[in-house]
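Asker: What follows is a predicted structure for the sequence shown.
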Amino acid sequence: MLECRKTMTSRDYEDLCGKMQSLFLQSSMYKKSRSIMFYLPVNNEPDTDLIMADAFKSKRIVLLPYIKDDRIYPVFYTKDMPLKRGRYKINEPENPEFFLDRCIDVVLVPGVAFDNCGNRIGYGKGYYDKFLSMLDKKTVKVGFSFNRCIVKSIGNNEWDIPVDFLFTETGLQTKEQKT
């Protein structure tokens, strides 16, 4: 799947990311949200820059993941905040201010691959699964993936946390639509 994402042309990548983000911006889950945790893409993960720009413009709380002690913590992020290269070459806020509320309205979740039941393959360290397991039950977990990275089935372990919804360049998929 990593190789599959790498083979996209920059034009295809931008086009597919734009479609995916546009669909998400039109969704009720985005329109109802007041706080959103983003990720900063690496390895050709779908971009979220258009959504983030709209979140700033509409005065939503914008959060980013920050890795400390082998865990992800949500931290506040503002448009002009300096970033530094963190663990695994992922940018994160230079001087993090931790968001202490366990209830985030929406968390955008990256992945190497997803299946139609919301299961995901990450990079193997379990950071997101640990983080997602600590959130309030009301938090909506949204996977962002290209259609080409959706597989028929992913083996699920007891500690794996599936996403509630999956957005691709062709629209929203829910577990109910695929079962």
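Answerer: Thanks, I have it.

Asker: Helix or strand with the lowest mean pLDDT in the chain?
Answerer: Here the helix or strand of the chain ranked lowest by mean pLDDT, DSSP states H and E is helix 175-178, holding a mean of 49.

Asker: ok now the longest strand anywhere in the chain, how far from the chain's centre?
Answerer: If you go by DSSP state E, the chain has its longest strand at strand 61-68. Offset of strand 61-68 from its chain centre (CA atoms, centre = their mean, to the nearest Å): 11 Å.

Asker: Do me a favour and get the end-to-end distance for stretch 115-125?
Answerer: 19 Å (CA to CA, to the nearest Å).

Asker: Now it: buried residues?
Answerer: 115-116, 118-121 (16 or more other CB atoms under 10 Å). All C-beta spots, glycine's among them, are computed from the backbone N, C-alpha and C.

Asker: And for stretch 160-174?
Answerer: Result for stretch 160-174 [16+ other CB under 10 Å]: buried residues 160-169, 172-173.

Asker: With distance to D136, pLDDT and secondary structure added, can I get the residues you listed in CSV?
Answerer: What follows is the buried residues of stretch 160-174, written out as CSV (distance: CB to CB, whole Å; pLDDT from 0 to 100; DSSP: H, G, I helix; E, B strand; the rest coil):
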residue, distance to D136, pLDDT, secondary structure
D160, 19, 83, coil
I161, 13, 92, coil
P162, 16, 92, coil
V163, 15, 94, coil
D164, 13, 94, coil
F165, 17, 94, strand
L166, 21, 93, strand
F167, 21, 93, strand
T168, 26, 93, strand
E169, 29, 94, coil
L172, 22, 85, strand
Q173, 23, 75, strand
